[in-house]
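> From the sequence below, what's the structure:
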Amino acid sequence: MRAALILLAAAAVAVVLDLTTGVLARRLGRGSYEWLMAPLRRACRRPAAAVLLFTALYLAMTDWPDPALRAARHLVVLLLVGAVAWLVIKALHVAEGVVFSRLPVQEVRSRRVRRARTQIRPVRRFTSVVVVIVAIGLVLITFRPVRAFGISVLTSAGVIGALLGLSARTALGNAFAGIQVAFADGLHVGDVVVIEDQWGRIEEVKLTNIVVRLWDDRMLILPTTYFTERPFQNWTRNETRVVGAVQIHLDHTADLDDLRAEAKRLVEASPLWDRRQWVLQMIDVTPQTVVIQVQASAADGPSAWDLRCDLREGLVRYLREHHPQWLPRTRNEYKL
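Next comes the predicted model:
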């Protein structure tokens, strides 16, 4: 009967505290802090109620000498540790969501926003993993036999520790590489990169891997250590503007001024050009052809890719219809 009364009293106290915190959260949320208090209240209400309930139960059971009741108090301690870990993880998710909601929507064109998105998510995941590990450690400490076994393993079983370290080396290396990538300021979510002659956009940065959406919508998943150990091209590290280049082989008799005028018309008529930069140059000469390159800038990587395709198609059509004699030819000379 006493246990039942204490349980009911603890539940009542937890409910009262939950209602009180709810009223305070609503009052604070009516003002300028509504963007924070509303999602925090929705996400953390249940774990907070569980923490309050288990705390009240633990305080009510502190003076129970019966071994059976001590076992019940031990169970309450375990549940309290789990509830606190649950509450902290929920709060971290809310903090991440609130920060993302306060950032501008056009994250592709803002380097500051892309850097923030790249850094916040790995930190939240890493912190959640730390919270879970700490909670598991606290739970194991409450069991005396497991605690003694853990101490004996740490002091005398160095081989087991070495094996565990070797088995976790890859995972830990990727995790630390994820933190390094997040804060090294060399790669952000939304950056356009070239990896092994394929270009794509950084879709997501995790602790252990990075997801790259390639130009044909394929997803390339690479370990984070790839970006710390191997070179890669980042076209949008300082800004999202990308310069695309198109190369065409022509006969030596081609008139570059005529071709430059047509290239100018095509570039200026394209809505993908950002009105900043374009140029047509002869970049190489071979015994059979000359190499012409047209460069034009676009707002981002996908736009630059489409602009390159349009320019290549338009120039080839112009050569085929108006100056087919400028196309590459093979010359032979016969002496009689």
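> Show me where the stretch 1-150 of the chain has its helices.
For the stretch 1-150 of the chain, helices defined by DSSP state H, counting those that start in this stretch occupy the ranges 2-29, 34-60, 67-102, 111-141, 144-156.
> Lowest average pLDDT across those helices?
When the helices of the stretch 1-150 of the chain are compared on mean pLDDT, helix 144-156 scores lowest, with a mean of 52.
> W278 is in contact with A298, isn't it?
No - look at W278 against A298 with Cβ atoms under 8 Å: they stay out of range, at 10.2 Å. For glycine as for every other residue, the C-beta is placed from the backbone atoms N, C-alpha and C.
> how about stretch 233-246: buried residues?
Residues W235, T236, T240, R241, V242, V243, G244, V246 are the ones in stretch 233-246 that count as buried (16 or more other Cβ atoms under 10 Å).
> So in terms of bridging, what pairs with the residue nearest the centre of the chain?
In the chain, the residue lying closest to the centroid (Cα atoms, centre = their mean) is V205, at 2.6 Å. On the basis of DSSP bridges, V205 is bridged to I210.
> my read: it touches P122, true?
Yes - at 6.1 Å, V205 counts as touching P122 under the criterion of Cβ under 8 Å.
> Just the CA trace of stretch 134-144, in CSV.
The C-alpha trace of stretch 134-144 is given here as CSV (Å, rounded to 0.1, in the frame of the first residue of the first chain):
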residue,chain,number,x,y,z
VAL,A,134,27.7,8.0,-21.7
ALA,A,135,24.2,6.6,-20.9
ILE,A,136,25.3,3.0,-21.6
GLY,A,137,28.4,3.6,-19.4
LEU,A,138,26.3,5.0,-16.5
VAL,A,139,24.0,2.0,-16.8
LEU,A,140,26.9,-0.4,-16.6
ILE,A,141,28.4,1.4,-13.6
THR,A,142,25.3,0.7,-11.6
PHE,A,143,25.9,-3.1,-11.8
ARG,A,144,28.8,-4.0,-9.5
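> Show me what counts as buried in the host helix or strand of D284.
Using DSSP states H and E, D284 falls within strand 273-285. Neighbour-count burial for strand 273-285 flags W273, D274, W278, L280 (criterion: 16+ other Cβ under 10 Å).
> re earlier: in TSV: the buried residues of stretch 233-246, plus pLDDT, secondary structure and distance to Q180.
Shown next, in TSV, are those (pLDDT from 0 to 100; DSSP: H, G, I helix; E, B strand; the rest coil; distance: Cβ to Cβ, whole Å):
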residue	pLDDT	secondary structure	distance to Q180
W235	73	coil	21
T236	72	coil	20
T240	61	coil	23
R241	70	coil	27
V242	76	strand	26
V243	82	strand	29
G244	83	strand	31
V246	90	strand	37
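> Dump these into JSON lines; add distance to H74 as well.
Shown next, in JSON lines, are the buried residues of stretch 233-246 (distance: Cβ to Cβ, whole Å):
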{"residue": "W235", "distance to H74": "58"}
{"residue": "T236", "distance to H74": "55"}
{"residue": "T240", "distance to H74": "57"}
{"residue": "R241", "distance to H74": "62"}
{"residue": "V242", "distance to H74": "61"}
{"residue": "V243", "distance to H74": "66"}
{"residue": "G244", "distance to H74": "67"}
{"residue": "V246", "distance to H74": "72"}
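> Which one of those residues is nearest to V131?
Nearest to V131 among those, counting by Cβ to Cβ, is T236 at 34.0 Å.
> My guess is that closest one contacts L187. True?
No - in this structure, T236 is not within contact of L187 by Cβ under 8 Å, at 10.1 Å.
> ok, A71 to Y318 distance?
From A71 across to Y318, the span is 87 Å (Cβ to Cβ, to the nearest Å).
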